[in-house]
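Give me a 3D structure for the following:
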Amino acid sequence: GTPIYEYATGRYEWTSSRGDREGTIENGGTVTIRDGETITVHKVPSSFEYVWVERDTNGFQIGSSTGMSGTVTSGGNHAAEVENVYTTIGSAQLEAKKTLEGRDLRAKQFRFEVMDEDGDVIRSATNDKNGKVQFSQIGYTNEDVGRTYTYTIREVNANRPGYTYSTATYEATVTVVDNGDGTITATPTYRVKDGENVNLPEFRNEYHASGTVNLTAAKQFIGGDLSKKRFTFELVDAAGNIVSTATTDTNGEARFPALSYTEKNVGQTLTYTVREQVDAADKSIIWDNHEETVTVTVTDNGDGSLNIAQQFSNPAQPLVWTNQAANGGLKVVKNITKDEQTVARRDTQFPVEIVFNAPRGASLPGKLTVKTSTPVWKNPEATDLEINSMDETTSEIEVENNRIRIMVPAEGWIEIIDQLPGGTTYMVSEVASID
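Below you'll find the predicted structure:
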């Protein structure tokens with residue numbers, strides 16, 4: 001309204017130029033004037049000073065004014081004129097939602113863009129930790145009232161390893177409506193580009209990470225030949241299920257198929273047991289029956305790869321099994337020729353030296369039990385080599401420097417029974433004496 005300040009008391013009548021309304025106004029009172037309307041206040045005493053003041057009206061500002069104050073003169077007609085300018089402003093804020101599968105969403109992790117109808121990027125924003133995306137506001141003025149604007153919202157593909165980015169695009173439509181009070185209503189509506197309406201654009205990304213662990217069991221075969229003998233190992237999970245098996249190659253290495261993990265395993269600690277398949281019926285081998293555990297902890301590197309840390313129950317020598325060929329014996333037989341002179345000396349004892357070379361990882365006992373078999377002749381006269389029976393005696397022989405010396409009877413033998421490590425090599429030779 002338009003207050004009138006008058007420096008005198010009294011009440012004055014006023015009329016509208018449109019002839020559709022009238023009223024009274026007193027000093028400090030107000031009257032409302034419409035666009036193009038003139039209000040005439042009648043019979044104001046001469047010499048009175050007056051001041052017109054326009055109150056603020058939403059959206060309107062004074063563009064120009066004349067005669068807003070003055071002094072009333074007798075018979076005069078004093079006019080105040082105001083030209084108003086209407087200004088309306090408002091804005092629209094476009095929003096979107098981000099979801100990420102396979103990993104926790106972080107603030108500012110993904111970027112989004114708003115493009116105008118010319119394809120120019122006019123706004124960009126990132127998500128917060130809850131996936132909310134808010135673009136800075138788009139402003140509108142009088143010039144935009146009644147117009148409809150269409151924007152395109154899309155995600156920026158940063159090509160970060162491990163992530164698949166949404167290729168969806170959405171259209172946001174904003175119709176600018178003047179509220180008549182200097183404000184604008186500009187509410188966006190959304191739809192999938194060339195598709196159905198949605199409450200809010202949603203961009204779904206996925207994160208995938210992978211990693212593998214390669215486990216190898218090593219076999220040592222003391223006294224055996226790994227190129228001829230194969231050994232099989234089992235990898236067992238915490239529930240007792242056999243995950244996989246592996247068989248040794250000619251070098252004694254048993255390589256299990258790779259264990260594969262994904263982002264779903266992140267944060268997990270998995271325990272496996274490695275053991276050898278033992279053939280209890282094979283008595284030619286002394287089996288290594290121990291078991292070992294491997295603990296695997298999976299963490300995410302954040303780039304599509306996983307860090308897989310391994311811990312072994314025997315870190316000093318992980319996943320090594322040592323089998324040994326079973327102990328064996330040695331029999332040394334002494335024969336002589338059947339000529340008369342040799343037969344005549346058939347009771348001779350021959351000194352023999354045996355040098356042993358135990359396989360790597362094995363050792364000879366300090367003493368060997370030796371059974372000596374000596375012929376008992378049919379004919380007491382030393383004229384032939386016909387044997388009636390064998391006289392057996394047992395003795396303990398010290399092993400010195402991997403060798404022993406012992407007397408072997410003619411047409412008899414000595415036996416070392418099941419005391420030599422499997423794979424032991426030896427050399428037998430006659431010597432001058434056993435001293």
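
close enough to count as contact, Glu398 and Ile404?
Yes: the pair Glu398 and Ile404 qualifies as a contact (Cβ atoms under 8 Å) at a distance of 7.3 Å. Heads up, the C-betas are built off the backbone N, CA and C, glycines and all.

In terms of neighbours, single out the busier of those two.
Ile404 (21 against 10; other Cβ atoms under 10 Å).

So what sits opposite that one in the bridge?
Partner residues in beta bridges with Ile404, using DSSP bridges, are Ile354.

Next: Ser65.
Under DSSP bridges, the beta-bridge partners of Ser65 are Val82.

just Val213 next, same as before
Under the criterion DSSP bridges, Val213 forms beta bridges with Leu259.

which residues does it contact?
The contact partners of Val213, by Cβ atoms under 8 Å, 6 or more residues apart in numbering, come to Ala258, Leu259, Tyr261, Val296, Ile308, Gln310.

how does it look with 10 Å?
Applying Cβ atoms under 10 Å, 6 or more residues apart in numbering, we find Val213 in contact with 256, 258-261, 270, 272, 294, 296, 298, 306, 308-310.

Quick one: these as TSV, columns for secondary structure too.
Converted to TSV, the contacts of Val213 look like this (DSSP: H, G, I helix; E, B strand; the rest coil):
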residue	secondary structure
Phe256	coil
Ala258	coil
Leu259	strand
Ser260	strand
Tyr261	strand
Leu270	strand
Tyr272	strand
Val294	strand
Val296	strand
Val298	strand
Leu306	strand
Ile308	strand
Ala309	strand
Gln310	strand
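
PyMOL command to pick out the buried ones of the residues you listed?
Those of these that count as buried under 16 or more other Cβ atoms under 10 Å are selected in PyMOL with:
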select buried, resi 256+259+261+270+272+294+296+298+306+308
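
possible to save the contacts of Val213 as CSV with pLDDT?
Listed next are the contacts of Val213 as CSV, based on pLDDT from 0 to 100:
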residue, pLDDT
Phe256, 98
Ala258, 98
Leu259, 98
Ser260, 98
Tyr261, 98
Leu270, 98
Tyr272, 98
Val294, 98
Val296, 98
Val298, 98
Leu306, 97
Ile308, 97
Ala309, 97
Gln310, 97
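
and which of the contacts of Val213 is nearest to Ser65?
Closest to Ser65 out of the contacts of Val213 is Leu306 (75.2 Å), distances taken as Cβ to Cβ.

wouldn't the closest one be in contact with Tyr207 here?
No: applying Cβ atoms under 10 Å, one finds Leu306 not in contact with Tyr207, separated by 11.7 Å.

quick one: common contacting residues for the two?
Residues within reach of Leu306 and of Tyr207 at once, by Cβ under 10 Å, 6+ apart, are Gly162, Glu263, Asp300.

what about Glu276, distance to Gly223?
Glu276 sits 17 Å away from Gly223, going by Cβ to Cβ, to the nearest Å.

quick one: which of those two has more around it?
Neighbour count, other Cβ under 10 Å: between Glu276 and Gly223, Gly223 has more, with 24 against 20.

Might one say that the more buried one is in contact with Ser363?
No: the pair Gly223 and Ser363 fails to qualify as a contact (Cβ under 10 Å) at a distance of 11.5 Å.

follow-up on the earlier one: TSV please, covering the contacts of Val213 and showing distance to Ala79.
Below are these laid out as TSV (distance: Cβ to Cβ, whole Å):
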residue	distance to Ala79
Phe256	103
Ala258	96
Leu259	96
Ser260	92
Tyr261	89
Leu270	93
Tyr272	100
Val294	100
Val296	94
Val298	87
Leu306	85
Ile308	91
Ala309	91
Gln310	96
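
Tell me the one among the contacts of Val213 nearest to Lys283.
Comparing the contacts of Val213 against Lys283 with Cβ to Cβ places Phe256 closest, at 28.1 Å.

Overlap in contacts, Gly223 and Ser363.
Common neighbours of Gly223 and Ser363, using Cβ under 10 Å, 6+ apart, are Pro421, Thr424.

Sketch out the low-pLDDT regions of the protein for me.
Applying pLDDT under 70 to the chain flags the ranges 1-9, 56, 63.

residue closest to the middle of it?
Computing the C-alpha centroid of the chain and ranking residues by Cα atoms, centre = their mean puts Asp300 first, at 3.0 Å.

partner residues bridging that one?
Leu306.

Quick check: nearest residue in space to Thr269, chain neighbours excluded?
Thr297 (4.9 Å; Cβ to Cβ, 6 or more residues apart in numbering).

Next, that neighbour: secondary structure please.
Recorded secondary structure, Thr297: strand (three-state DSSP).

Let me see the contact set for it.
For Thr297, the contact set (Cβ under 10 Å, 6+ apart) comprises Asn265, Gly267, Gln268, Thr269, Leu270, Asn307, Ile308, Ala309, Gln310, Gln311.

so who does the fourth one touch?
Looking back up the chat, that one is Thr269. With the criterion set at Cβ under 10 Å, 6+ apart, Thr269 makes contact with Ala238, Thr295, Val296, Thr297, Val298, Ala309, Gln311.

any idea where the helices of the stretch 301-435 of the chain begin and end?
Taking DSSP state H, counting those that start in this stretch, the helices of the stretch 301-435 of the chain run over residues 340-343.

residue ranges for the strands of it, please.
For the stretch 301-435 of the chain, strands defined by DSSP state E, counting those that start in this stretch occupy the ranges 306-312, 320-325, 328-334, 349-357, 367-377, 387-398, 403-409, 412-420, 425-430.

what packs against the first one?
I take that to be strand 306-312. In this structure, strand 306-312 makes packing contacts with strand 210-213, strand 259-262, strand 269-276, strand 292-300, judged by 3 or more Cβ pairs under 10 Å, 6 or more residues apart in numbering; DSSP states H and E.

same thing with the second one?
Using 3+ Cβ pairs under 10 Å, 6+ apart as the contact definition, the elements that strand 320-325 packs against are strand 216-222, strand 269-276, strand 285-286.

sorry, back to before: same list (the strands of the stretch 301-435 of the chain) but as TSV, adding distance to Gln137.
Shown next, in TSV, are the strands of the stretch 301-435 of the chain (distance: least, Cβ to Cβ, whole Å):
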stretch	distance to Gln137
strand 306-312	42
strand 320-325	68
strand 328-334	92
strand 349-357	91
strand 367-377	98
strand 387-398	101
strand 403-409	99
strand 412-420	93
strand 425-430	91
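
wait, which of those strands is closest to Arg103?
strand 306-312 (11.7 Å).

Just the residues contacting that closest one, thanks.
Under Cβ under 10 Å, 6+ apart, the answer for strand 306-312 is 162, 209-215, 259-263, 265-266, 269-272, 274, 292-301, 318-319.

follow-up on the earlier one: which one of the contacts of Thr297 is nearest Thr167?
Nearest to Thr167, judged by Cβ to Cβ, of those is Asn265 at 28.0 Å.

Thank you, goodbye.
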